[in-house]
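J.: Provided below for reference: sequence and predicted model.
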Amino acid sequence: MAEFLQQYLGIFLTALITGGVGGFFGWFYERKRKKVEVDNLEAEGSKAKADYSKSIIDLYQEALTDLKNQYEARYLFLKNEYDLKFENQNLKIEKLTKDQEMWRNKYTALKKEFDAYKRKHP
C-alpha cells in the first residue's frame, strides 16, 4: 500500500497544486467580473424598485384625482339640490306671505263691515 501511495503521491500533489493555483487565478480573474455583474444586478434591482415605487405613486395619484372628481361631482349635486330646496322654501314663504296678507285684508274688510252693521243696528 505504501508503494502504491508513493507511486501516485507525486501525481496527486501535482494535480492538487495545479488545481489550487488554477483555481486561485480563476477566482482572481473572475472576482472583478462577478463584482461588476453583482453591481449591475443591484442597479437593475434599484431601477425596478424605483419603477415599482413610481407605479405605486402613479396609482395613488390617480386614485386621489378620481376621488377628488367624485367628491367635486357629489358636492355640486348636493349644492344644486339644496339650492333648489332653498328656492322652493322661499317660494312657499312668499306664497304664505301673500295668503296672510289676503286673509288680513279679508279680516279687515269683514271687521269694517261688521262694525258698520253694528253702528246701523245698535
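T.: Received, thanks. Numbers count the residues shown, from 1 in each chain.

J.: which strands and helices sit next to the regular element (helix or strand) spanning F28?
T.: F28 belongs to helix 2-120 when assigned by DSSP states H and E. Packed against helix 2-120 by the contact rule (3 or more C-beta pairs under 8 Å, 6 or more residues apart in numbering; DSSP states H and E) you find no helix or strand. C-beta: built from backbone N, CA, C; applies to glycine.

J.: What mean pLDDT does that helix get?
T.: Averaging pLDDT along helix 2-120 yields 87.

J.: Report the distance from that helix to the chain centre.
T.: Relative to the centre of its chain, helix 2-120 is centred 1 Å away, using C-alpha atoms, centre = their mean, to the nearest Å.

J.: 27 is where my numbering starts, stick with that
T.: Sure thing, new numbering starts at 27, so read that last one as helix 28-146.

J.: what's around Y97, how many residues?
T.: 10 (other C-beta atoms under 10 Å).

J.: do the same with the one 3 residues further on
T.: The burial metric for R100, expressed as a neighbour count using other C-beta under 10 Å, is 10.

J.: One more: P148?
T.: P148: 4 surrounding residues under other C-beta under 10 Å.

J.: and if you look at A135?
T.: Neighbours of A135 (other C-beta under 10 Å): 10.
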